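[1] Kindly return the folded structure for what I paste below:
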Amino acid sequence: MKPIKVAIIGVGNCASSLVQGVAYYRQNNSSEGLIHDKIGGYGAGDAEFVLGIDVDARKVGKDIAEAIFAMPNNTTVFMPNVPATGAKVMMGRVTDGVAPHMTTVGEKGFIVADAPEATKESVVAALKETGAEVLLNFLPVGSQDATEFYMECALEAKVAVVNCMPVFIASRPEWEARFRAAGVPIVGDDIKAQIGATIVHRVLSSLFAARGVTVERTYQLNTGGNTDFMNMLDRQRLGSKKESKTEAVQAMLATRLADENIHVGPSDYVPWQKDNKLCFLRLEGTQWGNVPMNLELRLSVEDSPNSAACVMDAIRCCKVALERGEGGALIGPSAYFCKHPPQQFNDDVAAHMVDEYASVAALAAE
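    This next block holds a predicted model:
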């Protein structure tokens with residue numbers, strides 16, 4: 001089968017883990033670590049990276065396979081010898097994609113390239129010339145204007161989108177309607193991790209509800225040392241991120257909590273943690289006879305590899321949708337792979353929806 005041609009906005013840690021992973025699975029032909037081995041006949045090694053878009057001087061102009069290892073990326077290197085892709089990283093559009101404080105912290109932040117910024121015309125042309133089929137949005141949290149700029153480009157170029165970050169596109173009716181009208185599929189918004197803070201918090205919330213325990217208070221505190229956490233030191237950029245993560249948990253509770261009884265969101269930047277993310281969860285509730293109980297959990301994960309399996313599945317679902325001529329938000333995949341989808345479902349239900357989608361796609365591939 002022909003590879004799925006993928007373009008990436010933001011060649012950071014998440015892009016690094018994904019590109020390394022595709023090379024790894026192409027070389028090893030393994031299904032270990034994957035949610036789905038095949039979707040529509042496509043495996044995890046069947047992506048071809050044809051275009052990168054970034055604004056950092058250490059990445060612009062380089063092959064994607066080289067750019068993924070440039071500073072300030074600090075994720076785990078598990079595939080050090082990624083073959084050259086032949087695809088370069090082009091200069092993107094800055095707008096609000098770079099927080100001001102991120103340009104003042106030396107090599108750990110962004111060093112904006114001294115090059116002409118991309119225009120809508122240049123991005124659309126690049127997408128068309130490379131034959132990109134799926135566009136991944138890995139921009140930093142708070143990049144509202146930049147995300148909307150690239151979404152306009154995707155619509156014009158007729159390229160499917162996986163919106164991995166919490167600017168609401170697939171979950172906003174006006175944007176979703178535009179993708180549907182254009183016949184362009186989108187999975188969004190805000191990618192979940194394979195086993196991360198949000199999915200664990202949702203599952204525990206569902207467990208409490210299923211076992212008759214009333215959740216009265218809960219928090220989720222997260223720390224990390226990558227550029228994502230450094231970016232989020234600007235609390236003004238956190239509005240949609242906190243909403244996305246909070247609503248993902250609220251949707252699984254038997255009774256919605258008052259704002260003062262739930263706290264979900266990034267907590268602090270700890271440089272030496274690098275791409276390791278620590279999550280501290282607490283749920284307080286009452287059970288039989290109104291007797292109190294609580295649960296505390298500590299989760300440690302490499303943040304960027306943790307999202308790659310979900311992104312890879314979303315890419316393949318978009319490819320299947322393109323082959324079927326489907327446009328608009330993919331409801332099941334968005335619900336299963338994203339924190340803030342157009343429609344929230346219990347994760348077991350969403351998983352079944354994706355399995356059905358993959359099964360139908362497998363039959364079509366045969």
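[2] use CA for all of it now, contacts and neighbours both
    Fine.
[3] Residue 138 against residue 8, yeah?
    Yes: taking contacts as CA atoms under 8 Å, residue 138 lies within contact range of residue 8: 7.2 Å.
[4] Next, show the common contact partners of those two.
    Here residue 138 and residue 8 share the contacting residues residue 15, scored by CA atoms under 8 Å, 6 or more residues apart in numbering.
[5] measure the closest residue to residue 114 other than its chain neighbours to residue 51 for me?
    Spatial nearest neighbour of residue 114, chain neighbours left out: residue 57 (7.2 Å); criterion: CA to CA, 6 or more residues apart in numbering. Going from residue 57 to residue 51 by CA to CA, to the nearest Å gives 16 Å.
[6] Quick check: buried residues in the least confident helix or strand in the chain by mean pLDDT?
    Of all regular secondary-structure elements in the chain, judged by mean pLDDT, DSSP states H and E, the least confident is helix 347-365 with a mean of 84. If you call a residue buried by 16 or more other CA atoms under 10 Å, then helix 347-365 has these buried ones: 347, 350, 351, 353, 354, 355, 357, 358, 359, 361, 362.
[7] Equivalent analysis for stretch 159-172, please.
    Neighbour-count burial for stretch 159-172 flags 159-171 (criterion: 16+ other CA under 10 Å).
[8] now do stretch 193-202
    Result for stretch 193-202 [16+ other CA under 10 Å]: buried residues 193, 194, 196, 197, 198, 199, 200, 201, 202.
[9] likewise stretch 175-191?
    Residues 175-176, 178-180, 182-191 are the ones in stretch 175-191 that count as buried (16+ other CA under 10 Å).
[10] can you check stretch 228-236 too?
    Within stretch 228-236, the residues that qualify as buried by neighbour count (16+ other CA under 10 Å) are 228, 229, 230, 231, 232, 233.
[11] Would you mind measuring the gap between the ends of that stretch?
    Using CA to CA, one end of stretch 228-236 lies 14 Å from the other.
[12] helix, strand or coil for the residue located most distally from the centre of the chain?
    Computed with CA atoms, centre = their mean, the maximum C-alpha offset from the centroid of the chain is found at residue 289, amounting to 41.9 Å. Following DSSP: H, G, I helix; E, B strand; the rest coil, we place residue 289 in the helix state.
[13] all helices of the stretch 101-250 of the chain, in order?
    120-130, 144-157, 173-182, 197-210, 227-231, 239-250 (DSSP state H, counting those that start in this stretch).
[14] No further queries at this time; thank you.
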